[in-house]
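Q: What follows is a protein structure lacking sequence information:
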Ligand code: NAP
């Protein structure tokens, strides 16, 4: 099968490197172009990028010239991991030029005609692309994935909401350092410390979650009425975001039924056998001291959300701890799964090629 040629915008960053690693042997995509800031442009990728992931930089990209993130690029679609403040103009210009844009950044997440997608949870939101097509001509499109903590929280809440109805959820996050990009937080700020502030993160979790769990009606997303509150903290962990979540249900629910709903959760990506879809989107651990970032972030090749500490709660109804890999399920892996879903549902027909 002919592979789709992809360009990566922000290819030298933490998420960009993860894209390159995850796409190395991908059956449907091959990296054809890399783009980054003027600091890197014109250099070979191997010289511009300080490789920060375990394992070697793939040989195929080492000698690629880093280009400016402006169209045209020799590729059929782009994955974007650009900083939010420049993503809007740049991603918009690629979509205008006819490229499908699969974005990690927050720039378009809340636009009315842009799907904010978790393939297991809200694949029907892809219907928004019919509306987007009226605005973005020539085969261009924009699909986004949620914030790295939102994905894990929304993925855990989705099956519970479907099965029992969730009235309210309160999440306290413990977020890894790689979530701030590279070089990210200064070492003297985080060693022996916890930072109780991550810019815009709490708002993102609260607003994105109700949009993701909302329904598509007449080409608009009707937000879920669920009340969501979030408090976010940066902690001294390399990879793997954690969230302590408390949930209030609309009806009486047993702990066994919650466990059963988590463990049996499967959705369209699993039915379609998408390459990056984990066999189990959610796993539940029974040990009293799990999940832990070091041991659980790589579950399902980094695409599974691990749940533990599931108990009754004295204030809301139940509580649990969720954990997932922030640069895989929370970023590059999420975007690649979105692109696989676009192919499987025939939505990438307008790809540049
Ligand atoms: P990062 O490590 O700081 O990387 C940023 C990338 O963007 C680098 O390739 C950088 O190129 C490029 N860049 C910066 N300024 C630019 C400019 N003015 N013009 C063109 N390119 C520019 O950040 P990251 O953690 O990978 O995050 C990238 C995006 O993904 C952000 O929007 C972030 O919010 C989102 N995201 C991150 C995570 C995560 O866990 N890290 C999770 C979900 C979403 P140079 O190397 O040349 O400077």
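A: Cool, got the structure. For clarity, every value in this text was computed on a predicted model and none was experimentally measured.
Q: What separation do you get for residue 189 and residue 178?
A: According to C-beta to C-beta, to the nearest Å, residue 189 stands 15 Å off from residue 178. To be clear about C-beta, it is placed using only N, CA and C from the backbone, and glycine gets the same treatment.
Q: of the two, who's got more company?
A: residue 178 (24 against 10; other C-beta atoms under 10 Å).
Q: ok, now which ones touch that one?
A: For residue 178, the contacting residues are 14, 184, 238, 239, 326, 327, by C-beta atoms under 8 Å, 6 or more residues apart in numbering.
Q: where along the stretch 101-250 of the chain do the strands fall?
A: Ranges of strands in the stretch 101-250 of the chain, per DSSP state E, counting those that start in this stretch, are 141-144, 166-175, 215-217, 220-222, 227-234, 241-249.
Q: Flag the shaky bits of this structure, pLDDT-wise.
A: 349-353 (pLDDT under 70).
Q: which ones are touching residue 51?
A: Taking C-beta under 8 Å, 6+ apart, one finds 17, 57 in contact with residue 51.
Q: element containing it?
A: Using DSSP states H and E, residue 51 sits in no helix or strand.
Q: gap between it and residue 61?
A: From residue 51 across to residue 61, the span is 10 Å (C-beta to C-beta).
Q: again, but for residue 49
A: 8 Å.
Q: so what sits against both of those two?
A: Joint contacts of residue 49 and residue 61 (C-beta under 8 Å, 6+ apart) are residue 11.
Q: hey, where'd the helices end up in the stretch 1-150 of the chain?
A: 14-23, 45-48, 59-62, 84-96, 119-122, 128-135, 148-164 (DSSP state H, counting those that start in this stretch).
Q: ok now the longest one, how far from the chain's centre?
A: It stands for helix 148-164. Distance of helix 148-164 from its chain centroid, counting by C-alpha atoms, centre = their mean, to the nearest Å, is 13 Å.
Q: closest point of the chain to the ligand, which residue?
A: Of all residues in the chain, the one sitting closest to the ligand is residue 13 (2.0 Å; C-beta to the nearest ligand atom).
Q: so residue 279, which of the three states?
A: For residue 279, the assignment made with DSSP: H, G, I helix; E, B strand; the rest coil gives coil.
Q: Provide a list of residues in contact with residue 111.
A: Contacts for residue 111 (C-beta under 8 Å, 6+ apart) come out as residue 142.
Q: now swap in residue 310 and tell me
A: Contacts of residue 310 (C-beta under 8 Å, 6+ apart): 255, 258, 259, 262, 284, 318, 319, 320.
Q: swap the cut-off to 10 Å and go again
A: Residues in contact with residue 310 (C-beta atoms under 10 Å, 6 or more residues apart in numbering) are 245, 255, 258, 259, 262, 284, 285, 286, 318, 319, 320, 321.
Q: Would you mind measuring from the fourth one to residue 170?
A: Looking back up the chat, that one is residue 259. Where residue 170 is concerned, residue 259 sits at a distance of 21 Å (C-beta to C-beta).
Q: ok so, going back, so which of the contacts of residue 178 sit within helices?
A: Under the assignment DSSP state H, the contacts of residue 178 contribute residue 14 to helices.
Q: With mean neighbour count as new columns, can the helices of the stretch 1-150 of the chain be given to me in TSV?
A: Shown next, in TSV, are the helices of the stretch 1-150 of the chain (neighbours: other C-beta atoms under 10 Å):
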stretch	mean neighbour count
helix 14-23	25
helix 45-48	18
helix 59-62	15
helix 84-96	18
helix 119-122	24
helix 128-135	16
helix 148-164	24
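Q: so of the strands of the stretch 101-250 of the chain, which one's packed in deepest?
A: The highest mean neighbour count among these, using mean count of other C-beta atoms under 10 Å, belongs to strand 141-144: a mean of 26.
Q: Who are the packing partners of it?
A: strand 77-80, helix 84-96, strand 100-103, helix 128-135, helix 333-344 (3 or more C-beta pairs under 10 Å, 6 or more residues apart in numbering; DSSP states H and E).
Q: residues in contact with the nearest residue to residue 265 once chain neighbours are set aside?
A: Spatial nearest neighbour of residue 265, excluding adjacent residues (C-beta to C-beta, 6 or more residues apart in numbering): residue 159 at 4.3 Å. Residue 159 sits next to 120-121, 258, 260-267, 281-282 when contact means C-beta under 10 Å, 6+ apart.
Q: Please repeat the previous calculation with a cut-off of 8 Å.
A: Residue 159 neighbours (C-beta under 8 Å, 6+ apart): 261, 262, 265, 282.
Q: Looking at those residues, state which has the most neighbours.
A: Using other C-beta under 10 Å as the neighbour test, the contacts of residue 159 are led by residue 282, with 25 neighbours.
Q: wait, isn't that residue in contact with residue 155?
A: Yes - shown here, residue 282 and residue 155 form a contact pair, counting by C-beta atoms under 8 Å, at 6.9 Å.
Q: Please enumerate the shared neighbours of the two.
A: Residues touching both residue 282 and residue 155 (C-beta under 8 Å, 6+ apart): residue 305.
Q: tell me which element residue 258 is part of?
A: Counting by DSSP H and E, residue 258 is found in helix 255-264.
Q: Name the residues of the chain found near the ligand, please.
A: 10-16, 36-37, 39-40, 69, 81-84, 86, 104-105, 148, 178-179, 181-182, 326-327, 330-331 (C-beta under 6 Å from any ligand atom).
Q: tell me which residues in stretch 186-203 are buried?
A: Within stretch 186-203, the residues that qualify as buried are 190, 198, 201, 202, counting by 16 or more other C-beta atoms under 10 Å.
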